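>>> compute the structure for the input listed below.
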Amino acid sequence: MSRPDRFEIEAAGQLGHVFVSRGPAGPLPARPAVVLIHGIGVSHRYFRRLHGRLAETGDTYSIDLPGFGATPRPAHALSVADHATYILGALEQLGVLEFVLVGHSMGSQFAVEAALQQPDRVSQLVLMGPVVDSKRRSVLQQALALGRDSLFFESPSSNALVFTDYLRCGPSWYLKTLRVMMDYHTEERVASIAAPVLVLRGANDPVASADWCRRLAARAAQARLVEIQGTGHVLQHNRAAEVAEAILGFAGTHATAKETLRENPA
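So this is what the prediction gives:
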């Protein structure tokens, strides 16, 4: 895969980066664009393997949100809704009006909020390693789970990507964003999502536990839970092929169902 094109985009008064790969031209069946949203402290870099897999079959977008990666820090902490507004505005500027939205970790919160703000644009929603477990809503519990994940269930390369991005993010911005993450009740917001939802987790992930993901999926109107074996929280890097297959299978199933409904209205 060629290197994605990088676009610097200002939306909702904030500046971020969008990395774009156009899908191959030819006889392959069209699929909706897939948009990848990173979590707290990190950037598009830990999506590179997954981005490459997805770009083999269609348009793929990875976003560095304001304050993360190489983007400038906003003047104040942004709410989950602020990030969602940026995502929607940036994609609109690129002409991406309907898409499958994939959020990892805190990015799952941004994805949920974007789907609530403009539900007609999000055809399917993928919550990958979602946070924050409603039964473990303290910073200490989250930190212990993340530490356990990095020690026992991550590869050296996934740890290197995450920790170097944490250094770029810096402790001040990380802690400001952490407060926002901890105050957002994903399980309450997901209950109002109209789009089909895929909850996707690494089978060894101590951050997004099996119990939490089952409870979260149960709150959504239409949801499926899929576990990827042999990996932890950063499953999109360590098991990119399996994650891409799960996302595309989910998106393709629901896209087919949607087309059938359009052809055969009740």
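>>> who touches the most centrally placed residue in the chain in this structure?
Per C-alpha atoms, centre = their mean, the C-alpha nearest to the average position across the chain is that of residue 103, at 1.2 Å. With contacts taken as C-beta atoms under 8 Å, 6 or more residues apart in numbering, residue 103 has the following neighbours: 37, 39, 109-112, 125-128, 130. From N, CA and C alone the C-beta is placed, and that goes for glycine too.
>>> can I get the residues you listed in a markdown table including distance to residue 211 and neighbour count?
What follows is the contacts of residue 103, written out as a markdown table (distance: C-beta to C-beta, whole Å; neighbours: other C-beta atoms under 10 Å):
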| residue | distance to residue 211 | neighbour count |
| --- | --- | --- |
| 37 | 24 | 28 |
| 39 | 20 | 28 |
| 109 | 19 | 28 |
| 110 | 23 | 28 |
| 111 | 21 | 32 |
| 112 | 19 | 29 |
| 125 | 21 | 27 |
| 126 | 20 | 28 |
| 127 | 15 | 32 |
| 128 | 17 | 31 |
| 130 | 13 | 31 |
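>>> need the max-distance pair from those.
Pairwise distances across these (C-beta to C-beta) peak at 15.5 Å, for the pair 39 and 125.
>>> my read is that residue 212 contacts residue 134, right?
Yes - Residue 212 lies in contact with residue 134 (C-beta atoms under 8 Å); the separation is 7.2 Å.
>>> these two: which has the busier surroundings?
The residue with more neighbours, out of residue 212 and residue 134, is residue 212; 22 against 13, by other C-beta atoms under 10 Å.
>>> quickly find the element holding the more buried one.
helix 210-219 (DSSP states H and E).
>>> show me what that helix is packed up against.
On a contact count with 3 or more C-beta pairs under 8 Å, 6 or more residues apart in numbering; DSSP states H and E, helix 210-219 meets helix 186-189, strand 197-202, strand 223-228.
>>> what's the most buried one of the ones you listed?
Comparing these on average neighbours per residue, with mean count of other C-beta atoms under 10 Å, the densest one is strand 197-202 at a mean of 26.
>>> what helices and strands are in contact with that one?
Counting by 3+ C-beta pairs under 8 Å, 6+ apart, the packing neighbours recorded for strand 197-202 are strand 122-128, helix 210-219, strand 223-228, helix 235-238, helix 240-263.
>>> need the contact partners of that strand.
Applying C-beta under 8 Å, 6+ apart, the set of residues contacting strand 197-202 from outside is 124-130, 153, 190, 208, 210, 213, 216-217, 220, 222-228, 230-235, 238-239, 243, 246-247, 250.
>>> for the stretch 1-150 of the chain, which residues score under the pLDDT cut-off?
Where the stretch 1-150 of the chain drops to pLDDT under 70, the residues are 1, 26-30.
>>> could you work out the end-to-end span of stretch 230-249 for me?
Using C-alpha to C-alpha, to the nearest Å, the span of stretch 230-249 from its first residue to its last is 20 Å.
>>> distance of residue 129 from residue 237?
11 Å (C-beta to C-beta, to the nearest Å).
>>> between the two, which one's more packed in?
When residue 129 is set against residue 237 and neighbours are counted by other C-beta under 10 Å, the residue ahead is residue 129, at 26 against 23.
>>> I figured that one hits residue 102, correct?
No - counting by C-beta under 8 Å, no contact exists between residue 129 and residue 102, whose distance comes to 10.9 Å.
>>> tally of neighbours for the residue nearest to residue 59 when sequence neighbours are not counted?
Taking C-beta to C-beta, 6 or more residues apart in numbering, and ignoring the residues beside it in sequence, residue 59 has residue 33 as its nearest neighbour in space, at 4.2 Å. Using other C-beta under 10 Å, the number of residues around residue 33 comes to 23.
>>> contact partners for residue 33?
With contact taken as C-beta under 8 Å, 6+ apart, residue 33 is in contact with 58-61, 96, 98-100.
>>> bridging residues for it?
Taking DSSP bridges, one finds residue 99 as the beta-bridge partners of residue 33.
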